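Undergrad: with the input below, show me the fold.
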Amino acid sequence: METVLVICDDQNYSSEILTRLSFEGMNSLGPVSTAGMALALAAQTKPTLAIVAGTPTGRRGGAELASKLLSDWGVHSWLIDAHGGEASEAAMGDWAPPPEQLDRLRRAFA
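TA: Numbers count the residues shown, from 1 in each chain. Below is the predicted model of the structure:
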């Protein structure tokens, strides 16, 4: 079962994300708004993937956070903006979720 770390600083959008994940049978952690909190939570809970919705608050941007989650904790990330659009797989690079995880996420947000 997926355990998804949600990084989002918009309370309404966070709630929508958590509802969609729950509806698809995915566990969720968070939401947290800062990259630092996301890294600390990933260290303690070992999520299977992360959703970075919008730009995290704090020192790190979304791409930098995604890269750090992967290098430090092996957690792949899916970047989406506040309107539900996602970063292209090419833009996400090595830290994008594997295709089967990405497909499940896309179904949850369809």
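Undergrad: just checking, C8 touches E16?
TA: No. Between C8 and E16 there is no contact under Cβ atoms under 8 Å: 9.3 Å. For the C-beta atoms, the positions are set from N, CA and C on the backbone; glycine is no exception.
Undergrad: and these two? which has more neighbours close in?
TA: Using other Cβ atoms under 10 Å as the criterion, C8 and E16 rank with C8 on top: 24 against 15.
Undergrad: what segments of this protein are strands?
TA: Using DSSP state E, the strands of the chain run over residues 3-8, 27-32, 49-53, 76-80.
Undergrad: deepest in the core, which of the ones you listed is it.
TA: Greatest average neighbour count among the strands of the chain goes to strand 49-53 (a mean of 26), per mean count of other Cβ atoms under 10 Å.
Undergrad: elements contacting that strand?
TA: Packing partners of strand 49-53 (3 or more Cβ pairs under 8 Å, 6 or more residues apart in numbering; DSSP states H and E): strand 3-8, helix 11-23, helix 35-45, helix 62-73, strand 76-80, helix 99-108.
Undergrad: pick the most deeply packed of those.
TA: Highest mean neighbour count among the helices and strands packed on strand 49-53 (mean count of other Cβ under 10 Å): strand 3-8, a mean of 24.
Undergrad: how far is it from where the chain is centred?
TA: Strand 3-8 has its C-alpha centroid displaced from the chain centroid by 5 Å (Cα atoms, centre = their mean, to the nearest Å).
Undergrad: only alpha carbons, please: show that strand as CSV.
TA: Extracted C-alpha coordinates of strand 3-8, given in CSV (Å, rounded to 0.1, in the frame of the first residue of the first chain):
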residue,chain,number,x,y,z
THR,A,3,2.0,6.0,1.9
VAL,A,4,2.1,9.4,0.4
LEU,A,5,3.8,12.4,2.0
VAL,A,6,1.9,15.5,1.1
ILE,A,7,3.8,18.8,0.9
CYS,A,8,1.4,21.7,0.3
